[in-house]
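Novice: A predicted structure for the sequence below; I have some questions about it.
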Amino acid sequence: MPNSLISRLVSPSLRSQPSKISALRFLTTVSAAERLYGQLQGCTSNLEKELASANVQLDSSCINEVLRRCDPNQFQSGLRFFIWAGTLSSHRHSAYMYTKACDILKIRAKPDLIKYVIESYRKEECFVNVKTMRIVLTLCNQANLADEALWVLRKFPEFNVCADTVAYNLVIRLFADKGDLNIADMLIKEMDCVGLYPDVITYTSMINGYCNAGKIDEAWRLAKEMSKHDCVLNTVTYSRILEGVCKSGDMERALELLAEMEKEDGGGLISPNAVTYTLVIQAFCEKRRVEEALLVLDRMGNRGCMPNRVTACVLIQGVLENDEDVKALSKLIDKLVKLGGVSLSECFSSATVSLIRMKRWEEAEKIFRLMLVRGVRPDGLACSHVFRELCLLERYLDCFLLYQEIEKKDVKSTIDSDIHAVLLLGLCQQGNSWEAAKLAKSMLDKKMRLKVSHVEKIIEALKKTGDEDLMSRFSTD
DNA sequence: ATAGGGTTAG
């Protein structure tokens, strides 16, 4: 039994020996987290002061460790710890960490946790400032909790904290995105009463909300109102309205607006950018009016605005869905690449992915192979899609050959470990021992982590082939 | 505060 293979392929959580460097880092993280978690557990009152006395250099992995140690009955302390950590000047939570905290503390499922924590601040007369409240609001934002965010906003006065435009903007955006425009509108009016002014961000959120609700007139009304508060309509806000008009289906009006944006007398403040053009292109493609989408691309190029990956993706899919011939596609790709901003690799990869999504596998394979022949490096997503398809078709050997070729090209990609596992398993089952061994070695080199279930299956498959040579290859390496 | 198809690492 090739024990070394099992132990090396299994997930790290089940492995006993991480590498030396990560082990060292792991230990320092653990000891800091241990101390903080200890404070958190033994604390009877004023948690924040206790935490500060631990005098620990915080980083995200340490914060993560502390949160992970919390039992569900400690989630309140956990949340207080997270909020406290965010208020430190030496540390700033990333968006990722906010999401992570919401996840670990199950805030989406139990949003009342936020309320309990705010109440405990009040009961224990903890020091709370704008920063504290902003962190709580950001959490609500990550968890998409509009009602709780509003509740928090209402608690500001109890701590003698004044809500600022940033706080209002956050809550307004949550309600606008939810489509609850009445509450969002009420909050804007309220800002006025407390001496705050809506800014471009406030207006953009509202306009976006109105557009999503199909209320373009309301969006325009707000856009006109902006100047009253010294806010100037900019490209982003205008593009939002344009997007709304596109969604409403009035493409002629959309083109008029685009022309309006292109006029020079706006001082360039609303001049369309790649996103603006892409929105219009996308709308035309969705309506199967690809010729007009292509005209917008030309228009974009004439103004020196470069298409990007999204523009390319949308147009390529549009052309393919329109059942155009290969010539139309290559003409488009040539044009995109010539305009700059997008590479041949991105275009071909995008075409491959689109075709696979459209279940036009033969064409996808042809284009993928063409890419390799022409020395163009496919991206990770395209590789993953092609490999998955080949495995589904049980063409494991073909897949392995392609895999080897891609390896040589040094694709900076993330081909799932799952696909690797399925391929390895397939090669074993079809008796391609030499190839299986080679793939396994490459996986080991990559320090790839596999699910235990996959490893078990692979070992099982190996037993069936009874290939002693293969066994020895696995176990010696 | 910007669209989308899996980017990184946190």
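Specialist: That came through, no problem. Just so it is clear, the model here is predicted, and its values are computed rather than measured.

Novice: Give me the neighbour count for residue A:201.
Specialist: Here the number of neighbours of residue A:201 (other Cβ atoms under 10 Å) works out to 18. C-beta here means a position set from N, CA and C on the backbone, and glycine is covered the same way.

Novice: try residue A:92
Specialist: Residue A:92: 10 neighbours (other Cβ under 10 Å).

Novice: Then the one 3 residues further on?
Specialist: Using other Cβ under 10 Å, the number of residues around residue A:95 comes to 10.

Novice: Next one: it from DNA strand B, what distance?
Specialist: 6 Å (Cβ to the nearest atom of the strand, to the nearest Å).

Novice: what residues are up against that residue?
Specialist: Contact analysis of residue A:95 by Cβ atoms under 8 Å, 6 or more residues apart in numbering lists residue A:142.

Novice: Tell me the predicted confidence for it.
Specialist: pLDDT, residue A:95: 90.

Novice: Ok, residue A:164 next?
Specialist: With respect to pLDDT, residue A:164 has a value of 94.

Novice: Check residue A:227 too.
Specialist: 88.

Novice: can you check residue A:429 too?
Specialist: pLDDT for residue A:429: 86.

Novice: count of neighbours near it?
Specialist: For residue A:429, using other Cβ under 10 Å, the count is 18.

Novice: mind checking how far it is from DNA strand B?
Specialist: Counting by Cβ to the nearest atom of the strand, the gap from residue A:429 to DNA strand B is 23 Å.

Novice: Next, that residue: phi, psi?
Specialist: Note on residue A:429: backbone dihedrals following degrees, to the nearest 10 are phi -60, psi -30.

Novice: Same question for residue A:295.
Specialist: Residue torsions, per degrees, to the nearest 10, at residue A:295 are phi -70, psi -40.

Novice: out of everything not next to it in sequence, what's closest to the residue of the stretch 251-400 of chain A at minimum distance from DNA strand B?
Specialist: Closest residue of the stretch 251-400 of chain A to DNA strand B, Cβ to the nearest atom of the strand: residue A:381 (2.6 Å). Residue nearest to residue A:381 in three dimensions, not counting chain neighbours: residue A:353, with 5.8 Å by Cβ to Cβ, 6 or more residues apart in numbering.

Novice: any residues touching the helix or strand hosting that neighbour, and which ones?
Specialist: Secondary structure from DSSP states H and E places residue A:353 in helix A:344-357. Outside helix A:344-357, the residues that touch it by Cβ under 8 Å, 6+ apart are A:309, A:312-313, A:316-317, A:320, A:329, A:333, A:336-337, A:361, A:363-364, A:367-368, A:370-371, A:376-379, A:381-382, A:385-386, A:389.

Novice: Please apply the same query to stretch A:247-266.
Specialist: Here stretch A:247-266 has contacts from A:211-212, A:214, A:216, A:235, A:238, A:241-242, A:245-246, A:270-272, A:276-277, A:280, A:283-284, A:287, A:289, A:292, A:296, A:299, A:303, using Cβ under 8 Å, 6+ apart.

Novice: And for stretch A:230-246?
Specialist: Residues contacting stretch A:230-246 (Cβ under 8 Å, 6+ apart): A:197-200, A:203-204, A:207-208, A:210-212, A:214, A:216, A:219-220, A:223, A:226-227, A:253-254, A:257-258, A:261, A:269-273, A:275-276, A:279-280, A:282-283.

Novice: I appreciate the help and will end here.
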